[in-house]
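Visitor: What shape does this take:
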Amino acid sequence: MGTREQARAKFMKPMRPDDKLALIVGASPLPRTQVVKKLWAYIKRNGLQDKKNRRNINADVKLKPVFGGKGTVNMFQMIKLVNKHLH
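Guide: Okay, the predicted model is just below:
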């Protein structure tokens, strides 16, 4: 298996969300792609995408612990912060 295939396999490996992230995406192990998909669904369903700067996500009570206590993060920071909650 080449480097690209190894990276893809690692990315698709189901990861278990910690208790903070599980409140949003559920407790079952999921590939990172599905975690991000569920996270975006939650953000859109709850109107958390900033109205002026669509790249920013405004944290609610459930997201703030996932975002390390930050009230607003951009979508790139969000992915990095969410990865810390996957095991």
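Visitor: Does Ile79 touch Thr33 like I think?
Guide: No - look at Ile79 against Thr33 with Cβ atoms under 8 Å: they stay out of range, at 11.1 Å. (C-beta placed from N, C-alpha, C; glycine too.)
Visitor: quick one, which of those two is more surrounded?
Guide: The neighbour comparison of Ile79 against Thr33 (other Cβ atoms under 10 Å) goes to Ile79, with 14 against 10.
Visitor: averaged over its residues, what pLDDT does the biggest helix by length in the chain have?
Guide: Among the segments of the chain that qualify as a helix by DSSP state H, the longest is helix 32-45. Here helix 32-45 scores 96 as its mean pLDDT.
Visitor: And the helix or strand following it, what does it pack against?
Guide: The C-terminal neighbour of helix 32-45 among helices and strands, as given by DSSP states H and E, is strand 56-58. Packed against strand 56-58 by the contact rule (3 or more Cβ pairs under 8 Å, 6 or more residues apart in numbering; DSSP states H and E) you find strand 72-74, helix 75-83.
Visitor: Count the neighbours of Arg54 for me.
Guide: 9.
Visitor: Next, it: phi, psi?
Guide: phi -60, psi -10 (degrees, to the nearest 10).
Visitor: circling back to that earlier point, return the member of the helices and strands packed on strand 56-58 having the minimum mean pLDDT.
Guide: What stands lowest among those, in mean pLDDT terms, is helix 75-83, with a mean of 94.
Visitor: ok, and what's touching that helix?
Guide: Outside helix 75-83, the residues within contact range by Cβ atoms under 8 Å, 6 or more residues apart in numbering are 21, 32, 35-36, 39, 55-57, 66-68, 70, 73.
Visitor: Which of the residues you listed are buried? Put it as a PyMOL command.
Guide: Remark: buried members of the contacts of helix 75-83, expressed as a PyMOL selection using 16 or more other Cβ atoms under 10 Å:
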select buried, resi 21+32+35+36+39+56+57+66+67+73
